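In: Predicted model and sequence below, questions to follow.
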Amino acid sequence: MSLLTFSSLSKSFGQHDIFINLTGAVPHESRVGIVGPNGIGKTTLLRILAGLDEPSGGGVTRSRGVRVGYLPQEAVATETKNTLWEEMLTAFTDLLKTESELRRLESLMSDPAQYESAMEKYGHLQEQFEHSGGYTYEIRIKQTLEGLGFESSEYHRPLIQLSGGQKTRALLARLLLEAPDLLILDEPTNHLDIHAVEWLEKFLGEWHGSVLIVSHDRYFLDEVVNKVWEISATRMEEYNGNYSAFVLQRSERTERQRREYESQQEFIAKEQDYIRRNIAGQNTAQAKGRRRRLDRLKDTDGAIVERPRELSTLNLSLNTDLRSGDRVVETHDVGVGYQDDKKVLFYAPDVLLWRGEIAALIGPNGAGKSTFLKTLLGQIPPLKGKVKLGSNLKVGYFAQAHEGLNPERTPIEEIQGVREMPVPQARDYLAKFLFTGDDVFKKVSVLSGGERGRLALAKLAMEGANFLLLDEPTNHLDIPSQEILEAVLSDFEGTILLVSHDRYLIDALATQVWSLEEGKLEVFRGNYHEYVEMKERGESEEGWERREIEESDGTGNRGKKLEVSSKKNDKEEKVKGKKAAKPSAEERKRAQRIQEIERMIESLEKRLAEIGTEIESSGGEANKVRELSEEYASVERDLQKHIEDWERVLQPEG
């Protein structure tokens with residue numbers, strides 16, 4: 001059963017169509033992620049589905065009595081005088097009324113004349129109060145506020161005194177406590193640190209309602225959603241599975257559509273050539289017959305295969321011809337903070353970053369990550385210890401707030417400030433970063449966050465740096481741009497120190513993770529996935545640190561010798577012991593089921609490949625292509641179902 005459906009939905013502003021003819025449904029207990037490039041209308045679609053905007057065409061149908069909660073990207077200004085805690089209590093208005101009535105009945109019960117009637121009402125009402133969570137709502141409020149990063153000292157602050165990001169988090173907390181049937185979230189992770197995002201992922205995993213999410217956080221989408229809608233100006237395509245499954249399926253669909261398109265175009269070209277050569281000759285009847293069939297093909301709705309869409313994306317490259325020394329960053333007994341208040345934000349161990357490595361610096365907001373980058377750059381001296389940068393370094397710095405951009409300059413002037421070039425050449429260069437037309441003459445001050453981010457990347461790409469300090473480089477970038485940046489950084493031949501909340505980017509790139517918590521920097525040598533596994537196993541952070549590193553052999557190929565605590569070795573031995581134990585009957589049955597599903601998956605994948613071959617050899621015949629495409633879609637759905645079954649069996653609950 002669907003909580004919400006929409007059909008032929010369109011939205012226009014004046015003569016400009018944002019999107020047209022979008023159709024879809026939100027089933028009960030579904031987790032839907034919406035993706036697409038910036039400006040395509042994702043927020044507009046959410047507002048229409050939430051009932052806050054009206055469509056230009058089509059309609060939205062909601063199930064009777066369905067309750068919808070909507071989180072905008074930024075909380076709107078509020079005139080309420082409520083404190084944070086009082087605002088959370090508004091989610092329990094009915095419960096508080098019941099509680100007040102219980103107190104009144106308790107008072108009446110002290111009067112012998114009213115005792116029996118009051119007691120009868122009290123018993124019924126108390127049962128209702130308990131069933132509705134009357135004795136746990138304060139605990140739920142505390143858990144939610146704590147999970148979303150609020151300190152207990154902030155509970156009684158007036159909402160009006162909170163920052164914009166705090167107000168958005170407060171609104172999210174209230175929505176989660178209200179527990180609507182459909183939760184519509186527009187970029188819910190924008191103002192959350194990694195710990196809060198992980199808490200939200202777990203919370204939504206246990207959510208009994210439906211969730212509709214627009215997010216640029218690919219890791220978050222991977223963890224939360226089970227369906228993806230990809231929207232463009234003229235269509236919406238639905239994919240089953242999380243974000244990674246969507247990427248794989250989209251690639252397969254695009255490649256299949258490309259083959260179908262090219263095969264059909266080749267068929268049409270051959271038919272047209274035959275018609276042209278024979279329309280006036282001995283085979284004129286055959287030529288006219290082929291022309292009629294070709295005309296029918298072109299006139300039949302859906303018979304012509306469309307060319308796969310090619311979206312405008314960043315054309316980014318980060319190249320350097322300058323080879324740095326092997327030891328890029330070294331710190332010794334460093335205390336990071338500001339000289340004016342002498343307060344140490346955190347202490348860093350003696351760390352060493354080698355040439356070619358990618359370190360990801362993670363930690364809660366306000367812990368000092370950006371301050372650490374500025375300390376490495378020499379903009380802020382350390383309060384204690386020393387920092388040493390290696391030889392032959394050319395540093396490129398991407399600031400989170402884009403401080404390197406002059407708000408009074410235009411993109412053209414910013415680029416010419418890095419390298420002198422004629423305006424036409426600068427315009428061509430900026431076009432690679434999606435600045436076209438008059439965009440190149442706008443002042444930086446009026447650019448969106450995404451535009452400023454792309455301009456900062458454009459400047460960075462011109463510098464030829466061999467050591468990149470990147471502070472939240474994917475902020476405000478849409479997912480296609482994030483994917484391009486990830487690929488470019490992966491191919492970068494220099495060294496990178498990355499500060500980011502983008503766990504998908506960290507997981508793809510980092511060779512080590514620097515975790516900043518509770519005033520201390522801990523170094524984990526490995527990728528982000530391994531770091532998360534270590535945390536989940538409850539390893540002590542002392543067990544992460546590499547105890548000994550062999551010196552570079554001078555070639556840049558560094559041999560690493562890891563020595564860990566006996567506690568870690570003990571845990572590994574226990575894990576090995578568990579793996580070596582004789583499997584139970586239930587485990588053997590599970591293993592057999594996994595093998596059966598894997599054989600079926602292999603068979604279905606083989607059939608998909610066969611259908612693809614048959615489509616290529618069909619000669620572009622419309623009915624045959626349509627029949628094969630329908631079978632391909634059916635087999636693909638069956639394959640996805642078996643993959644989901646395989647994942648469930650592979651990772652049983654508990």
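Out: Looks like it came in fine.
In: quick one: low-confidence parts of this structure?
Out: Residues of the chain meeting the criterion pLDDT under 70: 1, 77-78, 310-314, 401, 539-590, 592, 616, 618-623, 625-626, 650-654.
In: got the domain boundaries for it?
Out: Domain ranges of the chain: 68-245, 249-299, 327-394+464-578, 585-650, per automatic domain parsing.
In: Need the distance between the two termini of the first one.
Out: What it means is domain 68-245. 28 Å (C-alpha to C-alpha, to the nearest Å).
In: how far out from the middle of the chain is it?
Out: Centroid separation for domain 68-245 versus its chain: 22 Å, with C-alpha atoms, centre = their mean, to the nearest Å.
In: CA atoms only: put stretch 52-64 into CSV for me.
Out: Extracted as CSV, the C-alpha positions of stretch 52-64 are listed here (Å, rounded to 0.1, in the frame of the first residue of the first chain):
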residue,chain,number,x,y,z
LEU,A,52,3.8,23.2,0.6
ASP,A,53,3.8,24.0,-3.1
GLU,A,54,1.3,23.4,-5.9
PRO,A,55,2.3,21.6,-9.1
SER,A,56,1.8,23.3,-12.5
GLY,A,57,0.4,20.0,-13.8
GLY,A,58,-0.5,16.5,-12.6
GLY,A,59,-1.5,15.7,-9.1
VAL,A,60,-0.5,14.2,-5.7
THR,A,61,-2.7,11.7,-3.8
ARG,A,62,-2.1,11.0,-0.1
SER,A,63,-3.7,8.1,1.8
ARG,A,64,-6.5,9.0,4.2
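In: ranges for the helices of the stretch 101-250 of the chain?
Out: 115-131, 137-147, 164-178, 194-205, 218-224, 243-278 (DSSP state H, counting those that start in this stretch).
In: Identify the residues contacting the shortest one?
Out: Applying C-beta atoms under 8 Å, 6 or more residues apart in numbering, the contact partners of helix 218-224 are 31, 33, 35, 189, 197, 200-201, 204-205, 211, 213, 215, 228, 242-244, 479, 482, 502-504, 507. C-beta here means a position set from N, CA and C on the backbone, and glycine is covered the same way.
In: of those, buried ones?
Out: 31, 33, 35, 189, 197, 200-201, 204, 211, 213, 215, 228, 242-243, 479, 482, 502-504, 507 (16 or more other C-beta atoms under 10 Å).
In: wait, what's in contact with residue 4?
Out: 25, 26, 49, 60, 61, 62, 63, 66, 68, 182.
In: In a strand, it, correct?
Out: Yes - Residue 4 forms part of a strand when assessed by DSSP: H, G, I helix; E, B strand; the rest coil.
In: Across the sheet, point out what pairs with it.
Out: Counting by DSSP bridges, residue 4 forms beta bridges with residue 26, residue 62.
In: Go ahead and report the secondary structure state at residue 631.
Out: Under the three-state scheme (three-state DSSP), residue 631 adopts helix.
In: Give me the spatial nearest neighbour of it, chain neighbours excluded.
Out: Take residue 631 and drop its neighbours on the chain: the residue closest to it by C-beta to C-beta, 6 or more residues apart in numbering is residue 611, 5.9 Å away.
In: buried stuff in the helix or strand hosting that neighbour?
Out: Counting by DSSP states H and E, the element that carries residue 611 is helix 585-616. Across helix 585-616, burial judged by 16+ other C-beta under 10 Å covers 597, 600, 601, 604, 607, 608, 611, 612, 615, 616.
In: so which of those comes closest to residue 411?
Out: residue 612 (43.7 Å; C-beta to C-beta).
In: and that closest one, how far is that from residue 254?
Out: Separation of residue 612 from residue 254 (C-beta to C-beta, to the nearest Å): 13 Å.
In: got it, and residue 345?
Out: 47 Å.
In: who has more neighbours, the two?
Out: Counted by other C-beta atoms under 10 Å, residue 345 and residue 254 do not tie: residue 345 has more neighbours, with 18 against 13.
In: For the more buried one, grab phi and psi.
Out: Dihedral pair for residue 345: phi -70, psi -40, per degrees, to the nearest 10.
In: who's in contact with it?
Out: Contact analysis of residue 345 by C-beta under 8 Å, 6+ apart lists 336, 337, 367, 368, 371, 519.
In: list the buried ones in stretch 635-647?
Out: Buried, per 16+ other C-beta under 10 Å, within stretch 635-647: 635, 636, 639, 640, 642, 643, 645, 646.
In: what's near enough to touch the closest residue in space to the second one that isn't next to it in sequence?
Out: With C-beta to C-beta, 6+ apart as the measure, residue 608 is the residue that lies nearest to residue 636, at 6.6 Å, once sequence neighbours are left out. When contacts are counted by C-beta under 8 Å, 6+ apart, residue 608 is found next to 632, 635, 636, 639.
In: Look up how far residue 624 lies from residue 608.
Out: For residue 608, the distance to residue 624 - C-beta to C-beta - is 17 Å.
In: Kindly report the same for residue 433.
Out: For residue 433 relative to residue 624 (C-beta to C-beta), the value is 44 Å.
In: So between these two, which is more surrounded?
Out: Using other C-beta under 10 Å, the more surrounded residue of residue 433 and residue 624 is residue 433, with 23 against 14.
In: how close does the more buried one get to residue 146?
Out: For residue 433, the distance to residue 146 - C-beta to C-beta - is 41 Å.
In: Around the nearest residue to residue 231 once chain neighbours are set aside, count how many other residues there are.
Out: Nearest residue to residue 231, sequence neighbours excluded (C-beta to C-beta, 6+ apart): residue 36, at 4.4 Å. By other C-beta under 10 Å, 21 other residues sit near residue 36.
In: Might one say that residue 36 is in contact with residue 234?
Out: No - the pair residue 36 / residue 234 is not scored as a contact, 11.7 Å apart, by C-beta atoms under 8 Å.
In: Can you classify residue 470 as helix, strand or coil?
Out: Going by three-state DSSP: residue 470 is strand.
In: same check, this time on residue 328
Out: Residue 328 - assigned by three-state DSSP - is strand.
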